[in-house]
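Enquirer: sharing a model prediction with you, sequence too.
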Amino acid sequence: MRKGFFIFVSLLISTLLMFVSISYALDGSNEKSVTVYDPVNMTMEERWEWVQENVEPVFVGKGQYTDRSGTLHSGLDTSYVGPNDMYNIAKLETKVWFTVSDSFDRVESWGTDVFNAVPLLDSLSVTTTDYDSTRISNDNVRMVYEAWYANLTGAYYIEHWYNVYGYGVYALYVNKGGPL
């Protein structure tokens, strides 16, 4: 009799623990909320927040002087996109310029040297290109270059997010995806 009672209590406790752990797992309150990147439905600010939190910059460094005018230039930045890392179907090439104040505390002006969206397949077309720039603060400007490509397998995108700073440095974040 004692043995049967002990088995019954053990099963009861095991069952209760199982229900508690299942309800805790289904609750999800112990998990971090992860936002999926949705370039079509997110605002530019939401997209920028997501990129900052989830994408490492591919370059951080000084802009290069290429002439005596004091204009700084990025390098020619080229990124590829495809259904996987081994097969590229399109590329985006960008290069930016910017000027800074003599005291290196303000971005004075900025613009585009190169913005090319290039399909690498005959069956692929460039459907949209877009450029946006925003002054974040006196010493920080954000520039975004975006290209969308499409074929029968779906839509693909590449984004180049530049942050240029008044002290002559820039950072480049590359975000890409597809097929959508």
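Expert: Looks like it arrived, so ask away. Numbering: from 1, shown residues only.
Enquirer: number of nearby residues for residue 89?
Expert: Close neighbours of residue 89, defined as other Cβ atoms under 10 Å, add up to 19. Where you see a C-beta, it was placed from the backbone N, CA and C, and this is true even at glycine.
Enquirer: these two touch, right, it and residue 124?
Expert: Yes - taking Cβ atoms under 8 Å as the definition, residue 89 is a contact partner of residue 124 at 5.5 Å.
Enquirer: what sits in contact with each of these two?
Expert: Taking Cβ atoms under 8 Å, 6 or more residues apart in numbering as the contact rule, residue 89 and residue 124 both touch 149, 151.
Enquirer: residue 48 sits in which helix or strand?
Expert: helix 44-54 (DSSP states H and E).
Enquirer: got a list of contacts for whichever helix or strand comes after that helix?
Expert: Proceeding N to C from helix 44-54, the next assigned helix or strand is strand 59-62, under DSSP H and E. The contact list for strand 59-62 (Cβ under 8 Å, 6+ apart) reads 72, 74-75, 77, 168-172.
Enquirer: pairing partners for strand 59-62, with directions?
Expert: Neighbouring strands of strand 59-62 in its sheet, by DSSP bridges, are strand 169-177 (antiparallel).
Enquirer: tilt between the partner strand and helix 44-54?
Expert: Put simply, strand 169-177 runs at 100 degrees to helix 44-54, going by axes from the mean of the first three to the mean of the last three Cα atoms, to 10 degrees.
Enquirer: pLDDT (mean, whole number) over stretch 138-152?
Expert: Averaging pLDDT along stretch 138-152 yields 96.
Enquirer: likewise stretch 98-117?
Expert: Here the average pLDDT along stretch 98-117 is 95.
Enquirer: strands along this protein, start to end?
Expert: 59-62, 64-65, 72-73, 77-81, 90-100, 107-119, 125-137, 140-151, 154-165, 169-177 (DSSP state E).
Enquirer: so which of these gets nearest residue 39?
Expert: Residue 39 sits nearest to strand 154-165 of all those, at 6.1 Å, using Cβ to Cβ.
Enquirer: direction included, what does the closest one pair against?
Expert: strand 140-151 (antiparallel), strand 169-177 (antiparallel).
Enquirer: tell me what angle it forms with strand 90-100.
Expert: For strand 154-165 against strand 90-100, the angle by the same axes, to 10 degrees is 20 degrees.
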